[in-house]
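**Student:** what's the 3D shape of this:
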Amino acid sequence: MTKRLIFNAFCMNALSHVYHGYWRHPESRQVDFNDLKVWTDLARLLEEARFDGLFLADVMGVDPVYNNSRDIYIEQGIHFPSNDPSILVGALAAATEHLGLMFTSSIIQAHPVEFARRVSTLDHYTKGRVGWNIVTSANKASADLFGHDGLTRHDDRYAWAQDYVEATYRLWEGSWQEGALLKDRAGGRFADPALVHDIHHQGPRYRIRGVHSSTPSPQRTPFLVQAGSSPSGRAFAAAHAEATFIVALTPDGARRAIADIYSQLPANGRAPGDILFFQGLSFVIGSTDEEAQRKAREADDWVNFDALSAHVGRDLGVDLARLDPDQPVRELKIEGLQGFTTFVEEANPGKVVRLRDLSTAMSYNGRIIGSPETIADRLAEWRDAGIDGVNIAYQTLPGSFADFAQHVMPVLRQRGLAQTDYAPGTLREKLFPGRGALLGPGHPAAAHRVPALLPA
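**Tutor:** Numbering: from 1, shown residues only. Modelled structure (predicted):
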């Protein structure tokens, strides 16, 4: 039986996300990102096309890291200004019935108690369709915004993330025992106090004692996504993620990244079937390969390549405008480069990765150009390399997704590569059929689950 792929629309509630400059295109509605109708229209389009999810990125703060200035980020709207994706998820809950709604939230921006309550609320309102993309914020501006004394070291951020998720797991899984919620009108008892427990979390950063304010939501713990590509990020994914977002540059690069994470699962009590891999890709679609290539050449007229460099340099913590583009990356010994450089090296074994290779790697190396049939062939190659799904980046909104839905999805369905309809249940049940709404017993969150029956 052919393994189908998961398809998510990869977006950000901001002016410009991946293909910077395209906001100027007359057919793109991204310039109106503050208009809720832009997003409800998109969500309905995605659901009608049977996309699995809408995956919302987020970035906090604006760093002056291109020509020692933040001007290009403001002028070109590179991830700034932006709105809170979790609030957008709440609004889209009423506009959709089946679409998964995954949003990014950094450990730096909300206390675990507030965040856990917000997620439980969203999971209730969506009937269990919420996913959390766990990030650690690798830019100094986010640290400055929240009053931290400089950016926390890379490995220390993952130690912080460990403390953060342990705190939220305790709140989601350990405070309300199964059966605590009675809703007993006749007996006049809404909940059983004996089955509602204080959680006691004492970690290196957080000290929490008390009950979770929300009742258990359909998933309790949301569907968990993680996007770190460094060794520490991959180790964190192996321990916690139900899906990890990778940006491998070739199918072979994806195969190596997946094998690396798979090798770390047994030590965490997990198996390969416990984690999904979402690969970031974009598409230029034509009725023929030749037409698609022509459209791709025309598309480049809309792209601001300085903005691409500013985006990647910001993510890597490097001012690419002030460095020699031919300099080998490994010579720089810059911490923020390690994860993304790993992806480039995995895609090109033996290649000396230079700074110029990084500027367009995220957007252009992950772009597939061709007819629907050619795109389906390429996606089958990625599937055979081990990926489970695709986070589709757009050039125009909603045009890129509408074109994919109209022209590529029918071919994918014919080949068994895309779903024909939604499975019932929560996001977790849709993406892991037959496993139930809650995290399985092998996940670290389950260790905080209060047994159904406590000792007398």
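**Student:** Neighbours of residue 384, how many?
**Tutor:** Neighbouring residues of residue 384 were enumerated by other C-beta atoms under 10 Å; the total is 11. Glycine gets a C-beta too; all of them are placed from N, C-alpha and C.
**Student:** pLDDT at it, what is it?
**Tutor:** On the pLDDT scale, residue 384 is placed at 97.
**Student:** How about it: what's its closest non-neighbour residue?
**Tutor:** Leaving aside its chain neighbours, residue 384 sits nearest to residue 251 (7.3 Å; criterion: C-beta to C-beta, 6 or more residues apart in numbering).
**Student:** Tell me if I'm right that the one you found and residue 380 touch.
**Tutor:** No - counting by C-beta atoms under 8 Å, residue 380 is not a contact partner of residue 251; they are 9.9 Å apart.
**Student:** what residue lies at the spatial centre of the protein?
**Tutor:** The structure's the chain has its C-alpha centroid closest to residue 133; by C-alpha atoms, centre = their mean the separation is 4.6 Å.
**Student:** Show me where the stretch 101-250 of the chain has its helices.
**Tutor:** 112-125, 140-145, 154-174, 231-240 (DSSP state H, counting those that start in this stretch).
**Student:** Can you redo the ones you listed as CSV, where the extra columns are distance to residue 36, mean pLDDT and mean neighbour count?
**Tutor:** What follows is those, written out as CSV (distance: least, C-beta to C-beta, whole Å; pLDDT from 0 to 100; neighbours: other C-beta atoms under 10 Å):
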stretch, distance to residue 36, mean pLDDT, mean neighbour count
helix 112-125, 16, 98, 21
helix 140-145, 25, 79, 18
helix 154-174, 28, 93, 21
helix 231-240, 32, 92, 22
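**Student:** and of those, who's closest to residue 349?
**Tutor:** Residue 349 sits nearest to helix 231-240 of all the helices of the stretch 101-250 of the chain, at 17.8 Å, using C-beta to C-beta.
**Student:** Report all helices and strands that that closest one contacts.
**Tutor:** With contacts defined as 3 or more C-beta pairs under 8 Å, 6 or more residues apart in numbering; DSSP states H and E, helix 231-240 has these neighbours: helix 154-174, strand 223-226, helix 251-264, helix 338-347.
**Student:** Make CSV out of the ones you listed and add distance to residue 416.
**Tutor:** Shown next, in CSV, are the helices and strands packed on helix 231-240 (distance: least, C-beta to C-beta, whole Å):
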stretch, distance to residue 416
helix 154-174, 35
strand 223-226, 24
helix 251-264, 19
helix 338-347, 27
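**Student:** ok, back up a step: which one of the helices of the stretch 101-250 of the chain lies closest to residue 25?
**Tutor:** For the helices of the stretch 101-250 of the chain, the distance to residue 25 is smallest for helix 140-145, at 28.1 Å, taking C-beta to C-beta.
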